[in-house]
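Asker: Quick one: sequence plus predicted model below, questions after.
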Amino acid sequence: MTKTWYGRELQIGVLGGGQLGRMLIQAANSLDIQLHMLDPDPAAPCAQIAYSFQVGQLTDYDTVLAFGQNKDLLTVEIENVNTDALRALEKQGVKVFPQPHILELIRDKGTQKQFYLDNGIPTAPFVFCESALPSENPFGFPVVHKLRTGGYDGKGVNIIHEASQLNTSFTEPSIFEACIPFTKELSVIVARNEAGQTTCFPLVECEFNPEANLVEFLFSPAAVSSEIEAQAQAIAIDIIKKLDMVGLLAVELFLTADGTLLVNEIAPRPHNSGHHTIEIARCSQFEQHLRAILNLPLGDTQLHSAGAMLNLVGEKGHEGPVLYQGLEAILALPGVHPHLYGKSHTKPFRKMGHVTISANDMEAVRNTAQKVKETIKVLSKK
């Protein structure tokens, strides 16, 4: 049988077996695509539902090389993978999307920021630091201190309000960035296939939990003008084209009071800010990722309702086997769609799932979203 770039005869490997991979499998099933997953955790969310699941370190050259040997195509659900092995696999004829050099650029916030600077992409001013704040702080306080590598889910970012706080901040290679007085935090997800077709999902507005530095809610469509929407999508398309990237790219932005958009960070994979698309868009971000890496026509990103997403994270003071309190109660609410990630143990602020809320208008969405937030709690069993 001749292989095609879709269907069960194609061997597709995914580096990472977390919740993003779990939702990617669910989208793949609809296209009869079988995904083979690699993850270091034998109890990862994909372990029980992947077509095949292998335990192994994503950063180990030999492990990644061996995993990819019999694959036609590799993709990722996390950036921190061994790109030397991916380059070797490319030379052997394995397609890798997003491409290894893009993973290397994006997982280092320093090279990411330099890319923006070199390509005329609007972003906050920054300086590189090897260990501590330069003797002359060009931005004053507050200032944002970010690890160049290794940060995730709010970790690896500190807001420094005074010089004394530097003693407890990062000593590894990092960047210091001007603290932008933004009015909204926004995100747009753009896809691009090998044929060069691009398409964006409508803009989303993010609301953060200040203690955990994690997205608590996101709302889509965002409450911005059509001009801001068009500008954000144009920036996202410009970035993915200049990267020459194939796949899905999440672009996080700040909107300032004068209407300026600044790129904060980008992620070359399905993203937390796109989970709502499963319920409220004609094509989900996970299906779109598959379409992009398989060079299929990209799907319709139009929203058919207003929506919100609430991240379900472990409550403070709870660590151990998970208990979802209030799950039955939220299932009684209209337009509520829980997604539990299959993680057996919770701990404070660990992402355990999300809930999508859909309705005809944003006022109804917000009202229901608040009820969901007040009702469901991620606890540990006593």
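Answerer: Nice, I can see it.

Asker: give me the low-pLDDT residue ranges for this protein?
Answerer: For the chain, the stretches with pLDDT under 70 are 1-8, 132-136, 153-154, 212-213.

Asker: domains for it, by residue range?
Answerer: According to automatic domain parsing, the chain comprises the domains 12-96, 125-178, 182-380.

Asker: Of all those, which one is nearest residue 105?
Answerer: domain 182-380 (7.6 Å; CB to CB). All C-beta atoms are positioned from the backbone trio N, CA, C, and that covers glycine.

Asker: Next, the distance between the ends of the closest one.
Answerer: 36 Å (CA to CA, to the nearest Å).

Asker: next one: it to chain centre, how far?
Answerer: 8 Å (CA atoms, centre = their mean, to the nearest Å).

Asker: Same list (the domains of the chain) but as CSV, adding distance to residue 103 and mean neighbour count.
Answerer: Compiled in CSV, these are given as follows (distance: least, CB to CB, whole Å; neighbours: other CB atoms under 10 Å):
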stretch, distance to residue 103, mean neighbour count
domain 12-96, 5, 19
domain 125-178, 12, 15
domain 182-380, 6, 19
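
Asker: Could you list which residues are in contact with the residue lying closest to residue 12 once chain neighbours are set aside?
Answerer: Excluding the flanking residues, the one nearest residue 12 by CB to CB, 6 or more residues apart in numbering is residue 73, at 4.9 Å. Residue 73 makes contacts with 5, 10, 11, 12, 13, 94, 95, 96, 97, 293, 294, as judged by CB atoms under 8 Å, 6 or more residues apart in numbering.

Asker: Residue 148 now?
Answerer: Residue 148 neighbours (CB under 8 Å, 6+ apart): 108, 109, 110, 172, 173, 174, 175.

Asker: Just the residues you listed: which are in strands?
Answerer: 174, 175 (DSSP state E).

Asker: Report the central residue of this structure.
Answerer: In the chain, the C-alpha closest to the average C-alpha coordinate belongs to residue 271, at a distance of 2.5 Å (CA atoms, centre = their mean).

Asker: related to what we said a few turns ago, how about the domains of the chain, which one is nearest residue 119?
Answerer: With CB to CB as the measure, domain 182-380 is the member of those nearest residue 119 (5.1 Å).

Asker: ok now do residue 144, which residues does it touch?
Answerer: 124, 157, 158, 159, 160, 176, 177, 178, 179.

Asker: Find the nearest non-adjacent residue to the last one, please.
Answerer: On the basis of CB to CB, 6+ apart, the spatially nearest residue to residue 179 that is not a chain neighbour turns out to be residue 142, at 4.5 Å.

Asker: Residue 158 and residue 143, how far apart?
Answerer: Remark: distance between residue 158 and residue 143 (CB to CB, to the nearest Å) = 9 Å.
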